[in-house]
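Asker: show me the folded form of this:
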Amino acid sequence: MLYRYIYIIGMSTAFRIAFNLIKNKERIHKYITQSLVVEKEKATLRSELVSAELSFLRSQINPHFLFNSLNSIYNRIRKKDQVSAEYLMALADLMQYALQPKTSTDSVLLESELEHISNYMKLQRIRYSRDISFHISIDDRNLKIIPFLLITLIENVFQHGDLRDEQTPPLIEISASREELVLRTMNSIRPDQRPGNGMGLVNTLKRLELYYPDKYILEYFSEQNIFYLKLQLKLK
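Answerer: Predicted coordinates for the structure are as follows:
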């Protein structure tokens with residue numbers, strides 16, 4: 001009876017150990033599988049971003065021809081209409097920056113990115129002839145950021161905002177100090193606003209999560225027909 005009892009206890013213990021080993025092996029396998037899926041998703045996202053950028057670049061007419069033509073037009077009109085000439089130059093600078101050979105993984109000087117945004121704002125002010133509150137404050141000009149991150153959020157102001165609302169003119173503020181960037185936007189919502197696919201915000205969130213994990217806070221909401229957005233981003 002004693003030997004039988006020891007035999008039963010031994011077999012039960014061995015079975016329990018084997019069962020636990022199998023469960024642990026399953027947990028490890030599941031963890032490895034999840035890790036591989038995450039890495040695959042990141043690799044796919046990087047590939048999609050690069051492919052989208054390359055497709056954009058390939059779709060352009062010869063950039064050198066375009067910029068030479070714009071410079072020729074600028075030289076012809078600057079003596080007669082200096083204001084129009086300056087706006088034409090802003091358009092040329094805007095397009096040249098967008099077509100510069102860079103990948104979405106490159107970092108650029110924040111100062112260069114803000115200059116690009118300033119040229120964009122010049123053209124929007126001509127287009128809408130409205131009061132647009134636009135302010136930039138930057139302490140550290142050596143900070144870097146991935147390109148075209150902020151412009152997507154700013155474009156939403158003009159794509160979805162009601163720029164005819166004189167009571168609530170669009171507001172765009174960008175500040176950078178102590179290695180942190182803050183972008184704030186505010187705009188009335190267009191009464192004829194059509195539901196969009198939200199791809200601008202979705203892609204921005206993907207890029208933030210990919211290149212600045214745990215270093216950003218992006219908040220946005222609507223209240224009384226006004227859309228508010230705030231991005232806080234650690235650049236180092």
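
Asker: and the strands in the chain, which stretches?
Answerer: With DSSP state E as the criterion, the chain has strands at 108-109, 133-138, 144-145, 171-177, 180-188, 216-223, 226-234.

Asker: and the helices in this protein?
Answerer: Ranges of helices within the chain are 2-58, 63-77, 82-99, 110-128, 150-160, 199-211, based on DSSP state H.

Asker: list the contacts for Ser133?
Answerer: If a contact means CB atoms under 8 Å, 6 or more residues apart in numbering, then Ser133 has 169-173 as its contacts. Where C-beta positions appear, they are placed from N, C-alpha and C, glycine not excepted.

Asker: among those, which ones are buried?
Answerer: The neighbour-count criterion (16 or more other CB atoms under 10 Å) marks 170-172 among the contacts of Ser133 as buried.

Asker: can you redo those residues as CSV with distance to Arg127 and pLDDT?
Answerer: Conversion of the buried ones among the contacts of Ser133 to CSV gives the following (distance: CB to CB, whole Å; pLDDT from 0 to 100):
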residue, distance to Arg127, pLDDT
Pro170, 12, 89
Leu171, 18, 91
Ile172, 15, 94
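
Asker: and those residues, which is closest to Glu41?
Answerer: Ile172 (32.3 Å; CB to CB).

Asker: mind checking how far stretch 169-177 is from the chain centre?
Answerer: Relative to its chain's centre, stretch 169-177 lies at 16 Å (CA atoms, centre = their mean, to the nearest Å).

Asker: do stretch 161-179 as well
Answerer: With CA atoms, centre = their mean, you get 17 Å for stretch 161-179.

Asker: list the contacts of the residue nearest to Leu114 when sequence neighbours are not counted.
Answerer: Leaving aside its chain neighbours, Leu114 sits nearest to Ile136 (5.6 Å; criterion: CB to CB, 6 or more residues apart in numbering). Going by CB under 8 Å, 6+ apart, Ile136 touches 114, 117-118, 173-175.

Asker: among those, name the buried ones.
Answerer: Buried among the contacts of Ile136 (16+ other CB under 10 Å): 114, 117, 174.

Asker: pLDDT weak spots in this protein?
Answerer: For the chain, applying pLDDT under 70 flags the ranges 1-25, 29, 31, 36, 43, 45-69, 101-105, 129-130, 193-198.

Asker: I'd like the contacts of Ile136 written out as CSV, with distance to Arg27 added.
Answerer: Output for the contacts of Ile136, formatted as CSV (distance: CB to CB, whole Å):
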residue, distance to Arg27
Leu114, 48
Ile117, 48
Ser118, 53
Glu173, 48
Ile174, 46
Ser175, 46
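
Asker: pick out the most distant pair among those residues.
Answerer: Those two in those that are separated most widely, counting by CB to CB, are Ser118 and Ser175, at 14.5 Å.

Asker: any chance of the contacts of Ser133 in TSV, plus distance to Pro213?
Answerer: TSV is the format used below for the contacts of Ser133 (distance: CB to CB, whole Å):
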residue	distance to Pro213
Pro169	35
Pro170	31
Leu171	29
Ile172	26
Glu173	25
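
Asker: list just the nearest of the residues you listed to Asp93.
Answerer: Nearest to Asp93 among the contacts of Ser133: Ile172, at 18.7 Å, using CB to CB.

Asker: so what's the residue nearest to Asp162 when sequence neighbours are not counted up against?
Answerer: Spatial nearest neighbour of Asp162, chain neighbours left out: Ser188 (4.0 Å); criterion: CB to CB, 6+ apart. Counting by CB under 8 Å, 6+ apart, Ser188 touches 161-162, 165, 167-168, 170, 225-227.

Asker: out of those, which comes closest to Leu88?
Answerer: Pro170 (23.6 Å).

Asker: so what sits opposite the closest residue in space to the closest one that isn't next to it in sequence in the bridge?
Answerer: Closest residue to Pro170 apart from its sequence neighbours, by CB to CB, 6+ apart: Asn187 at 4.5 Å. Counting by DSSP bridges, Asn187 forms beta bridges with Phe227.
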